[in-house]
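A.B. asks: My questions are about this predicted structure, shown below with the sequence.
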Amino acid sequence: MGRYVARRLLQMIPVFLGTTFLIYVMVYSLPGDPISALYGDKAADKVFVASKRKELGLDDPLVVQYFNYLKNIVLHWDFGKAFNGQPVWNEMKRVFPISLKLATVAIGFEIVVGVALGVLSGLRRGKFADRIVLVITLLIISIPIFVLGRVIQWTVAIKWDLTKPTVGGEAHWADLMMPGFVLGALAVAFLARVTRTSIVENLRADYIRTATAKGLPRRRVITVHLLRNSMIPMVTLIGTDLGTLMGGAIVTEGIFNVPGVGYTLFQAIRLKEGPTVIGIVTVLVLIFLACSLIVDLLYAVLDPRIRYA
Amino acid sequence: MPETTPTPQHNPEHAPTQVEQRAMDLATSEAVAIPTQASSREEVVAAGDGLLSAEEARSLASDAWHELRRNAFFVVSAILIVLLILIAAFPGMFTTTDPRDANLKDHYLGAPQWSHFFQADWFGYDGQGHSIYSRVIYGARASIIVGIVTTAFVAVLGTLIGMLAGYFGGWIDAVLSRVVDIFFAIPLLLGALVIMQAIKDRNEWTVVLALGALGWTQIARIMRGSVMQVKNADYVTAARALGASTWRILWKHIMPNAIAPVIVVSTISLGVFISSEATLSFLGIGLQEPTVSWGLDISSAGDVLRDAPHAVFFPSAFLSITVLSFIMLGDAVRDALDPKLR
């Protein structure tokens, strides 16, 4: 177990370096000078641009810049400064908790509704309930989130006046319910389908027949025998969702005015604000890698036949 | 249908590799379980003695086709897709109104005229006085081009890389799998935003480039897993014993038997790419005027949502139906290729 974790952590190093470098190249090798871009339509002051470029180290070769950047993070926990002079880390300390809250709402919603729908339709395969769930999940997957979000915002918050239409800086749990619902909708649909497939496959397994033949109550057969054995694909999906939901909330956070990671990231990409983009993506990649390691370790918990030497 | 007995694939030695590759991802986790051609064929022949006695054993392809034709979801989605491709190819056949003809004075947010079939005012007018019907018709082309070209690109690239990694193993696999991991860790929409931001003249092809550059990893992972299952089959050993070249084994024996999950995932991701293009355009960083695009129209109509919901509704409905058609098609193909779920 310990050796397995160590090996996985070692494997993660090249992936981490590769991903962050890729993003670094994408952001910094893009045509157009970010400093001159700040001037908008006006002519840029050449002296200022040159001094600012020197200050930010933009004239060094890309690889050198990248390693200096990493060095600063590792040695001083310094993610660089945003264009407004604020350390990127301060910005991240502000936005990550908000997105984490939003993602928690979305994942909670995903697990409760997604598993319930999946189990329901898996157990009644081919029946009416199964068809209804199939149609609902197909619809949710096909309707783009920016349409779904606006329609729900308009109906729930403006027409029925049940909640605030936008969230704002405080990001209270109550206000995050509707955006979390919208953000999690797609994940619900995917989880319901994965759960259904997994349940349908396992329903015909020998151990289910044995459990039923032993006279166990149906409830116990479903929760202990069937669900536990169907959980590996479900855990895989939920595990990869945390990172996706935090970074992928660009549209949802925009619609509901949630000042979280996605919103900040989108603004930073539009302004070509390299340090902010790379800082946030670096943390997102770390979250993603940590989640996939945890998921792999959970496999061994869920299925004792899987052992890590 | 004959009930084939499913055999759980968890045998202890196999499990860790399955875990490590974690090819199962999102919608496609359902697709991975597709057995290879050889095994499903055996199952069909073995289980279908009573059913198929009069006919010859069918190949997987014709068996799948037989199954598909009776699936209502397939028929509906296929008809819709053919129609959408016709609209994308020949928009002039469906409307004579120019989608860029704007008349603010007479047509500002004009309401839909439900009985005026195929007329300019059928779906009403948008905030610029454009005919919405004409715009949804002409908007199909951008979505369909982006969807099909991106999918073709990622299918070829992903299949190639997955096949090399899965077949050769060793250091080739180690290197390619890390490359896949690196690209996989960047969310599609996020990476596409960064790439699109760099491009000044954005059009369908730059969107294809941005989505394709990051969208191939899933197919590569699935192909790798699929090839690893197939490569130790007896017919591969037989081909090698007969002196077939590596290239021939890969092309004639491995690929046809390992490609089924890739077909399913590609069909589903076609819908996902169309949706991503609309999202990019909606965010103002995808296609730009004067290109007619559903995403752009939904974005601009959002400002008048309360006064003219129809301006949002029609492009959204066309976009959703298009995505839905491809996802339904993928579902139907998966069911047809996977006898275990019947």
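C.D. replies: Structure received. Because the structure is a prediction, the values reported are computed rather than measured.

A.B. asks: now for the longest helix that chain A contains, which elements pack on it?
C.D. replies: If you go by DSSP state H, chain A has its longest helix at helix A:88-123. Judged by 3 or more Cβ pairs under 8 Å, 6 or more residues apart in numbering or on different chains; DSSP states H and E, helix A:88-123 is in contact with helix A:128-142, helix A:173-203, helix A:231-247, helix A:250-256, helix A:261-270, helix A:274-302. C-beta: built from backbone N, CA, C; applies to glycine.

A.B. asks: Run the angle between that helix and helix A:231-247 for me.
C.D. replies: 140 degrees (axes from the mean of the first three to the mean of the last three Cα atoms, to 10 degrees).

A.B. asks: And helix A:88-123, how far out from the chain middle?
C.D. replies: With Cα atoms, centre = their mean, to the nearest Å as the basis, helix A:88-123 stands 8 Å off its chain's centre.

A.B. asks: cool, and stretch B:147-161?
C.D. replies: Chain-centre distance of stretch B:147-161: 10 Å, with Cα atoms, centre = their mean.

A.B. asks: Which residues does that stretch contact?
C.D. replies: For stretch B:147-161, the external contacting residues (Cβ atoms under 8 Å, 6 or more residues apart in numbering or on different chains) are B:176, B:179-180, B:204-205, B:207-208, B:211-212, B:215-220, B:222-224, B:255, B:259, B:262, B:266, B:269-271, B:273-274, B:277, B:322, B:326.

A.B. asks: shaky segments in the stretch 151-300 of chain A?
C.D. replies: The model of the stretch 151-300 of chain A has pLDDT under 70 over residues A:247-248.

A.B. asks: List, one by one, the residues from the stretch 1-150 of chain A near chain B.
C.D. replies: A:11, A:14-15, A:18-19, A:22-23, A:26-27, A:30-32, A:138-139, A:141-147, A:150 (Cβ under 8 Å from any Cβ of the partner chain).

A.B. asks: sorry, back to before: could you export the helices and strands packed on helix A:88-123 as CSV, including mean neighbour count?
C.D. replies: Compiled in CSV, the helices and strands packed on helix A:88-123 are given as follows (neighbours: other Cβ atoms under 10 Å in any protein chain shown):
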stretch, mean neighbour count
helix A:128-142, 17
helix A:173-203, 23
helix A:231-247, 22
helix A:250-256, 24
helix A:261-270, 22
helix A:274-302, 20
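
A.B. asks: one step back: in helices, which of the residues of the stretch 1-150 of chain A next to chain B fall?
C.D. replies: Counting by DSSP H, the residues of the stretch 1-150 of chain A next to chain B place A:11, A:14-15, A:18-19, A:22-23, A:26-27, A:138-139, A:141-142, A:145-147, A:150 in helices.

A.B. asks: So among those residues, which ones count as buried?
C.D. replies: Burial by neighbour count, 16 or more other Cβ atoms under 10 Å in any protein chain shown: within these this picks out A:11, A:15, A:18-19, A:22-23, A:26-27, A:138, A:141-142, A:145-147, A:150.

A.B. asks: Could you verify that B:P290 is part of a helix?
C.D. replies: No - according to DSSP: H, G, I helix; E, B strand; the rest coil, the state of B:P290 is coil, so it is not within a helix.

A.B. asks: For it, which non-adjacent residue is closest in space?
C.D. replies: Spatial nearest neighbour of B:P290, chain neighbours left out: B:R100 (6.3 Å); criterion: Cβ to Cβ, 6 or more residues apart in numbering or on different chains.

A.B. asks: tell me which residues of the helix or strand where B:A336 lies are tucked away?
C.D. replies: Under the criterion of DSSP states H and E, B:A336 resides in helix B:309-337. For helix B:309-337, the neighbour count (16+ other Cβ under 10 Å) marks B:310-316, B:318-320, B:322-337 as buried.

A.B. asks: Stretch B:114-127 too?
C.D. replies: B:A120, B:D121, B:W122, B:F123, B:G124, B:Y125, B:D126, B:G127.

A.B. asks: of all the residues you listed, which two lie farthest apart?
C.D. replies: Within the buried residues of stretch B:114-127, B:W122 and B:G127 form the most distant pair, 17.6 Å apart (Cβ to Cβ).

A.B. asks: re the thing from before, now the angle between helix A:128-142 and the helix holding B:A336, please.
C.D. replies: Counting by the same axes, to 10 degrees, helix B:309-337 points 120 degrees away from the direction of helix A:128-142.

A.B. asks: you'd agree A:D130 is up against A:S121?
C.D. replies: Yes - counting by Cβ atoms under 8 Å, A:D130 touches A:S121, with 4.1 Å between them.

A.B. asks: Without its sequence neighbours, what residue ends up closest to the residue in the stretch 201-342 of chain B that chain A sits nearest to?
C.D. replies: Of all residues in the stretch 201-342 of chain B, the one sitting closest to chain A is B:L324 (3.7 Å; Cβ to the nearest Cβ). Nearest residue to B:L324, sequence neighbours excluded (Cβ to Cβ, 6+ apart): A:S142, at 3.7 Å.

A.B. asks: what does A:L191 give?
C.D. replies: Residue nearest to A:L191 in three dimensions, not counting chain neighbours: A:G114, with 3.1 Å by Cβ to Cβ, 6+ apart.
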